[in-house]
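# mind folding the following:
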Amino acid sequence: MATFVLVPGFWLGAWAWEDVARDLRAAGHDVHPVTLTGLAERASEASPQVDVDTHIDDIISVIRDNDLHKVVLVGHSGGSIPVTGVGDRIPERLARIVYVDSGPLPDGMAQIDFQDTDGQEELRRQVSTEGGGWKIPVPPFDPATDADNLAGLGEEQLRRMRELATPQPFGTAGQPLRRPQTIPDTPKSAIMCTFPPELVRSLADSGNPVFAPMAGLDLHHLPTGHWPMFSRPADLAALLSKLA
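Numbers count the residues shown, from 1 in each chain. As a prediction, the model looks like this:
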């Protein structure tokens with residue numbers, strides 16, 4: 001039996017892990033899906049002050065309050081940012097970190113930095129005009145405009161995402177992650193869905209600063225869209241169980 005802490009990506013809460021958590025528990029694991037401050041059932045806690053550090057503290061509290069040890073800490077998409085911060089701060093509590101269609105950020109980089117200049121400007125415009133100046137609006141989850149990321153999802157799954165997703169505090173995308181000079185040697189894996197592992201290896205080995213922290217990661221491929229907890233939950237649970 002392993003102990004899992006599951007951290008969702010942007011706009012999602014613990015609800016996103018329901019199918020994966022059910023399968024992991026059926027396999028005998030202890031599973032703790034997390035809802036971060038300002039999202040889902042904690043939407044009333046959202047404020048302009050919620051940032052990366054807030055979400056790092058959320059995850060650390062789940063681990064410490066439940067007296068969890070040898071944790072397999074899983075982060076999907078934007079959830080990888082606080083997960084990386086937790087790995088840097090309390091490595092003694094972790095057995096492995098698993099990134100789902102994501103990876104660890106280098107020191108000083110923020111989630112918004114993954115976008116080009118036009119993308120950053122568009123995001124800031126949305127935050128300003130639709131998000132009250134501090135929230136990232138929920139995307140439309142429209143396969144017509146985002147086919148690759150939404151691959152494998154049926155209309156019922158898309159409807160549920162649109163209904164349950166909540167705006168994301170912009171501080172979680174705008175605050176750079178600060179990392180220690182010496183990174184803990186906790187084992188790390190990545191389950192890549194929309195990005196081929198071979199390309200990750202190539203970019204990491206080439207010294208690309210964005211992908212450099214992924215050098216040496218244990219890489220796996222689960223071909224589907226960016227939301228495997230919805231499109232291939234049983235396969236994702238099986239792979240997580242194997243990695244544990």
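# for G103, which non-adjacent residue is spatially closest?
Residue nearest to G103 in three dimensions, not counting chain neighbours: M214, with 4.5 Å by Cβ to Cβ, 6 or more residues apart in numbering. All C-beta atoms are positioned from the backbone trio N, CA, C, and that covers glycine.
# and the lowest-mean-pLDDT helix or strand in the chain, how far out from the chain's middle?
Within the chain, no helix or strand scores below helix 197-205, which has a mean of 93 by mean pLDDT, DSSP states H and E. Distance of helix 197-205 from the chain centroid (Cα atoms, centre = their mean, to the nearest Å) equals 20 Å.
# tell me what that helix is packed against?
strand 188-192, strand 218-221 (3 or more Cβ pairs under 8 Å, 6 or more residues apart in numbering; DSSP states H and E).
# dump the residue contacts of D51.
Applying Cβ atoms under 8 Å, 6 or more residues apart in numbering to D51 gives the contacts 169, 171-172, 174-175.
# what helix or strand is the residue located most distally from the centre of the chain on?
For the chain, the C-alpha lying farthest from the average C-alpha position belongs to T129; by Cα atoms, centre = their mean, that distance is 25.7 Å. Of the helices and strands defined by DSSP states H and E, T129 is found in helix 117-130.
# just checking: what are the partner strands of the helix or strand following that helix?
With elements assigned by DSSP H and E, the helix or strand that comes after helix 117-130 is strand 135-136. For strand 135-136, the paired strands and their directions (DSSP bridges) are strand 168-169 (antiparallel).
# contacts for the partner strand?
With Cβ under 8 Å, 6+ apart as the contact definition, strand 168-169 has outside contacts at 10-11, 37-39, 46-48, 50-51, 54, 78, 134-136.
# which element follows it toward the C-terminus?
Toward the C-terminal end, the helix or strand that comes next after strand 168-169 (DSSP H and E) is helix 171-174.
# return the distance of stretch 100-116 from the chain's centre.
Its chain's C-alpha centre lies 11 Å from the corresponding centre of stretch 100-116 when counted by Cα atoms, centre = their mean.
# using PDB, write down the CA coordinates of it.
These are the backbone C-alpha positions of stretch 100-116, laid out as PDB (Å, rounded to 0.1, in the frame of the first residue of the first chain):
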ATOM      1  CA  VAL A 100       1.200  14.500 -14.900                       C
ATOM      2  CA  ASP A 101       1.600  16.200 -18.300                       C
ATOM      3  CA  SER A 102       3.900  18.700 -16.500                       C
ATOM      4  CA  GLY A 103       7.300  18.900 -14.900                       C
ATOM      5  CA  PRO A 104       9.300  20.900 -12.300                       C
ATOM      6  CA  LEU A 105       9.900  24.500 -12.900                       C
ATOM      7  CA  PRO A 106      13.400  26.000 -12.700                       C
ATOM      8  CA  ASP A 107      14.200  28.600 -10.000                       C
ATOM      9  CA  GLY A 108      12.600  32.000 -10.700                       C
ATOM     10  CA  MET A 109      10.100  30.900 -13.300                       C
ATOM     11  CA  ALA A 110       6.400  31.400 -13.100                       C
ATOM     12  CA  GLN A 111       3.600  29.500 -14.800                       C
ATOM     13  CA  ILE A 112       2.800  32.500 -17.000                       C
ATOM     14  CA  ASP A 113       6.400  32.400 -18.400                       C
ATOM     15  CA  PHE A 114       5.500  29.200 -20.400                       C
ATOM     16  CA  GLN A 115       3.600  31.400 -22.700                       C
ATOM     17  CA  ASP A 116       5.000  33.700 -25.400                       C
END
